[in-house]
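J.: 3D model of this:
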Amino acid sequence: MRVVTIDWVDPQAAARAIRSVAARTEQPTDIEPIRERVRAEGAAAVLDLTNRFDATDAPRDSLRVAPTEISGALASLDPTLRESLELAIENVRSVATAQVDDRVLSEPLPQGHTVTIRAEPIASAGIYAPGGRAAYPSSVLMCAVPARVAGVGRLALASPPGPDGRLAGPVLAAAALCEIDEIYAMGGAQAIFALAYGADEVTAVDVIAGPGNAWVQEAKRTVYGTVGIDSYAGPSEVLVVAGGATDPRAAALDLCAQAEHGEGGVLALASTDQTAIDEICKAAMDTGERAGIDPGALITAIVVPSPGDAIALANALAPEHLELLDPDVAAMAADVKTAGCVFTGPGGATAFGDYVAGSNHVLPTGGAGRFSGPLGPDVFRRKIATVQVPPDAAAKLAPHADRIARAEGFPVHGESAMIRVEDDSS
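T.: The predicted structure follows:
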């Protein structure tokens, strides 16, 4: 782990410098061959690619995980871990439920017609949980619980198998607790393409959600339009804004925790206090020697002129996670407009949001917080408008529709509105 110090010029320049430092991971340049193989060969291609890239020691002969394997994982789950997963599920469910509004109705408009907007759940959703070298039961519940709250009918989970060719027990147990209907041992871009297009035993879904590496995210972007997606979520990012009173070890642990996700993430530290930065960076270097933390991780440190400049930096960077550990900056949290999730105060560790707070850890990365937000039930629901036009309202609206239609060169549009008035008067 190394620390890279950058000088303050302005918020935009600092944000560009932070992302430039983090851009170490080779981005996928051509995933089209994978897509074409999956579409042409179906499950056989997905199995071959999964066995090649994930379960190299124990190839599988089926993508679908057997119900006995799932129930066995749940039965063997450590009781204390099950308690924690169930607590997380309840908190995520509570936050998700609060976001759902089944009916949004307008009062009759001045012309006498009504427009009713209602939300309907999508029929099926695919969830991607990263895996292979690590297990992410938390990603399962972060995606599955909002989908269930939204009312999705069929849930399918895809996650890459480990070296033994199997999914990790906690992942299967979390899927069982969330009552996921189908589980497939497949990962990477090929899993996304299988969920989007279908692949023999894998039935296509309507929406795909979940975090993943650059290949997974690029595949999601490629299939958008064929299916819906949540956002561009990965690799992990955090901006820690510390103050003179911040516990250096706590802030260092917050930075190093994100480095556990592997390379390519953003680890940024900002403060108005140079001493605070020095102490946190020293503690991070010590912690960064531990196994499991990306040894090539880079922390970008910057001294900002004022608390307001720290907020401006956050808005320019649009980080996935933003920790406002400095009380002076935390008091300005309402001024943050672009971060995926904001944690305030000395206790504001990203780890709480990752697991048990109830907020969602599937968040926009790469600056996508400028136009998207946390995964929630809205990703799994679509809105439908119903328009009711009584005769009196039609008489008031039709001439206006006719004029606009003719101005656009579509006279038949206008006639289709006007005939309602003619029929009513005849």
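
J.: rest of the way, CA atoms for contacts and neighbours
T.: Will do.

J.: domain map for the chain?
T.: The record's domain parsing of the chain by automatic domain parsing lists 2-25+235-357, 32-232, 389-425.

J.: can you count the residues close to Glu422?
T.: Using other Cα atoms under 10 Å, Glu422 has 11 neighbouring residues.

J.: ok, it to Ala209 distance?
T.: Applying Cα to Cα, to the nearest Å, the value for Glu422 to Ala209 is 50 Å.

J.: check Glu279 too.
T.: For Glu279 relative to Ala209 (Cα to Cα), the value is 39 Å.

J.: save the domains of the chain as TSV, and put in distance to Pro364 and mean pLDDT too.
T.: TSV is the format used below for the domains of the chain (distance: least, Cα to Cα, whole Å; pLDDT from 0 to 100):
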stretch	distance to Pro364	mean pLDDT
domain 2-25+235-357	6	92
domain 32-232	6	91
domain 389-425	39	91
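
J.: mind putting the ones you listed into JSON lines with distance to Asp378?
T.: Converted to JSON lines, the domains of the chain look like this (distance: least, Cα to Cα, whole Å):
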{"stretch": "domain 2-25+235-357", "distance to Asp378": "16"}
{"stretch": "domain 32-232", "distance to Asp378": "7"}
{"stretch": "domain 389-425", "distance to Asp378": "28"}
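
J.: those: which one's closest to Arg370?
T.: domain 2-25+235-357 (5.0 Å; Cα to Cα).

J.: tell me how far the ends of that closest one are from each other?
T.: This stretch, domain 2-25+235-357, spans 31 Å end to end (Cα to Cα).

J.: ditto for stretch 190-209
T.: 15 Å.

J.: neighbour-wise, which of Glu279 and Ala209 wins?
T.: Taking neighbours as other Cα under 10 Å, Glu279 and Ala209 compare with Ala209 leading, 29 against 17.

J.: ok, the more buried one touching Tyr128?
T.: Yes - contact criterion Cα atoms under 8 Å: Ala209 and Tyr128 qualify, at 6.2 Å.

J.: and the domains of the chain: which comes nearest Phe380?
T.: So among those, domain 32-232 is nearest, using Cα to Cα, at 5.7 Å.

J.: His361: neighbour count?
T.: Neighbour tally, His361, other Cα under 10 Å: 27.

J.: for it, which non-adjacent residue is spatially closest?
T.: Asp354 (5.0 Å; Cα to Cα, 6 or more residues apart in numbering).

J.: for the one you found, what are its contacts?
T.: Shown in contact with Asp354 (Cα atoms under 8 Å, 6 or more residues apart in numbering): Ser138, Asn360, His361.

J.: appreciated, that's everything.
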